[in-house]
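Colleague: I would like to see how this sequence folds:
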Amino acid sequence: MWGEKMYIYKILVIDDEVQIKDTCIIYKRYLKSKFNLEVEFDVINSEADYNDNVPYDVLLVDYDLKKGFSLNDKLMGDEFIKKFREKNKISKVIFYSSAFKYRPDEPNYDFPFEDKEAFDLINNLQIDRIADKNNFEMMLEVIKSCCERVDILPVLLSKMVEEYEKEEIKVSYTNIQGQEVLLSDLLVDIINDNEQGKVFRKNIIDTVLSVILNFKY
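Modeller: Predicted coordinates for the structure are as follows:
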């Protein structure tokens, strides 16, 4: 998909159960063998280990985080997603739980809350997929689906920033106000989907279309 070197999707897992790390190792193996997807899981079992400055392509969040993930023993996964979405509007989010029981005979779930609450939750927090934690095939499928729908612009920009940082090179972009903006800061703007990020995205699309439309075949 990305040329000779396959892109490695970065996935953050928020779960208060430490054994989820072993499960992610199995996910990684199956995603590669079954779908030829390269993924890298970072698993966080404590809120203290979370760094919101590190970009991820996909976020997996468990519904119930009451086993010591936070000093607030009442923290639930939707509350974490809400905080995540305050700074990241574009990464794909998977909300999963062993309490989300999928009924294969019907296109529906049994949730530990009202259906309307589930509908509002999914829409307000821009949750991309919901999955039954105990359904292995479903978990693989939703991870694959979200990886395939990752926004390509921050993916490519993140890769570019990473390559330049290896060489200790700082690259900047001149915005419409004539100000120099570091590429690394621009990446944050795109992830936050703020005004500068939106303008840059539009400029990139306009430039690419202009090149394509003016290309002589």
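
Colleague: rest of the way, CA atoms for contacts and neighbours
Modeller: Will do.

Colleague: Any idea what the residue nearest to the spatial centre of the chain is bridged to?
Modeller: The centroid of the chain falls nearest to Val58 when counting by C-alpha atoms, centre = their mean (2.2 Å). Under the criterion DSSP bridges, Val58 forms beta bridges with Ile11, Lys92.

Colleague: How much space separates it from Ala99?
Modeller: To Ala99, Val58 is 21 Å away according to C-alpha to C-alpha, to the nearest Å.

Colleague: quick one, strands of this structure?
Modeller: 8-14, 38-44, 58-62, 92-97, 101-103, 108-110, 129-132, 172-174, 180-182 (DSSP state E).

Colleague: correct me, but Met76 touches Asp64?
Modeller: Yes - with contact defined as C-alpha atoms under 8 Å, Met76 counts as touching Asp64 (5.1 Å).

Colleague: Show me where this structure has its helices.
Modeller: Taking DSSP state H to define them, one finds helices in the chain at 20-35, 77-87, 115-124, 136-148, 152-166, 183-192, 195-214.

Colleague: For these, state which one has the densest average packing.
Modeller: Ranked by mean neighbour count under mean count of other C-alpha atoms under 10 Å, the helices of the chain are led by helix 183-192, which reaches a mean of 20.

Colleague: ok and it relative to helix 77-87, angle-wise?
Modeller: Angle of helix 183-192 versus helix 77-87, following axes from the mean of the first three to the mean of the last three C-alpha atoms, to 10 degrees, is 130 degrees.

Colleague: Packing partners of helix 183-192?
Modeller: The helices and strands touching helix 183-192, judged by 3 or more C-alpha pairs under 8 Å, 6 or more residues apart in numbering; DSSP states H and E, are helix 77-87, helix 152-166, helix 195-214.

Colleague: Report the distance from it to the chain centre.
Modeller: 15 Å (C-alpha atoms, centre = their mean, to the nearest Å).

Colleague: Please state the mean pLDDT value computed over stretch 81-94.
Modeller: For stretch 81-94, mean pLDDT rounds to 89.

Colleague: how about low-confidence regions in this protein?
Modeller: Under the criterion pLDDT under 70, the flagged ranges of the chain are 1-5, 68, 71-74, 102-118, 208-209, 211-217.

Colleague: Quick check: can you list the domain ranges of it?
Modeller: Annotated domains of the chain cover 8-148, 152-214 [automatic domain parsing].

Colleague: Need the helices of the chain in JSON lines (columns: distance to Val93).
Modeller: Below are the helices of the chain laid out as JSON lines (distance: least, C-alpha to C-alpha, whole Å):
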{"stretch": "helix 20-35", "distance to Val93": "16"}
{"stretch": "helix 77-87", "distance to Val93": "8"}
{"stretch": "helix 115-124", "distance to Val93": "10"}
{"stretch": "helix 136-148", "distance to Val93": "8"}
{"stretch": "helix 152-166", "distance to Val93": "16"}
{"stretch": "helix 183-192", "distance to Val93": "13"}
{"stretch": "helix 195-214", "distance to Val93": "20"}
